[in-house]
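Colleague: Could you work out the structure for the sequence below:
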Amino acid sequence: MQSERAPEFELQRPFASAIAVIVAVLFSPKNFYLNFKVEGPIRDPAVFVLLVGAVSGVLGAAVALASNLLFGGLDATDVRAAIVGALLFAMLSPVGVGVTAGVYLLSIRTLAGKVAGFTEVYRMAAYAASALVFAWIPILGAFAFTYALMVLMGIGIQSAYKTSSLTTVVTALAGFVPVASILVWITINEVAL
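Modeller: Next comes the predicted model:
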């Protein structure tokens, strides 16, 4: 039984509501998803992901510039690359969540039945992307993605669709593997450039 509604991002109070969502998702994910209404508009969650991606992108650019300054030379090319990387991370975050939602939707429909729609899964994945606030931290960023895609999405799937523990684990894993493979491929190609 739901006791209270989970906090949601609101454009009228972007920073306060974003912080409320991030705190609720990261510190009490089970409670958040048990009280989360999967039905609703997609605009606010998409803007939330854009905001989280922008913050993480800017912090990631700052870390990259600081490490270049500390361990080598810092020139205009480094600054330009950091700015472009931050902008791309921010702008592509909602798209990445959309791809993630599509993969998880396929996984949910295959393993749990036709219980979900794209908008529902996008909303769930957008708030799971709260873990991206740690994506800018070297090494911890990889764990943040894994936590968002496996743990938070698993809790969301089980809470929203009342799946068994085994179905939840298999569904989350079936969604995680293709998305993680895409992320690894992008990272390898980025490093190769």
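
Colleague: need the contact list for the most centrally placed residue in the chain.
Modeller: Closest residue to the average C-alpha location of the chain: residue 129 at 2.1 Å, with C-alpha atoms, centre = their mean. Residue 129 sits next to 48-49, 52-53, 93, 97, 148 when contact means C-beta atoms under 8 Å, 6 or more residues apart in numbering. Just so you know, the C-beta spots here come from the backbone N, C-alpha and C atoms, and that holds for glycine as well.

Colleague: From residue 141, how far out is it?
Modeller: Using C-beta to C-beta, to the nearest Å, residue 129 is found at 13 Å from residue 141.

Colleague: again, but for residue 164
Modeller: Distance of residue 164 to residue 141, given as C-beta to C-beta: 31 Å.

Colleague: Please apply the same query to residue 176.
Modeller: Distance of residue 176 to residue 141, given as C-beta to C-beta: 16 Å.

Colleague: Look at the two and report which has more neighbours.
Modeller: For residue 176 versus residue 141, neighbours defined as other C-beta atoms under 10 Å are more numerous around residue 176 (22 against 17).

Colleague: what about the closest residue to the more buried one other than its chain neighbours, neighbour count?
Modeller: Distances taken as C-beta to C-beta, 6 or more residues apart in numbering place residue 149 nearest to residue 176, at 4.7 Å, with adjacent residues excluded. Per other C-beta under 10 Å, the neighbour tally for residue 149 reads 25.

Colleague: Make sure residue 149 is actually in contact with residue 124.
Modeller: No. Using C-beta atoms under 8 Å, residue 149 is not in contact with residue 124; the gap is 11.5 Å.

Colleague: for the residue nearest to the centre of the chain, helix, strand, or coil?
Modeller: Using DSSP: H, G, I helix; E, B strand; the rest coil, the structure places residue 129 in helix.
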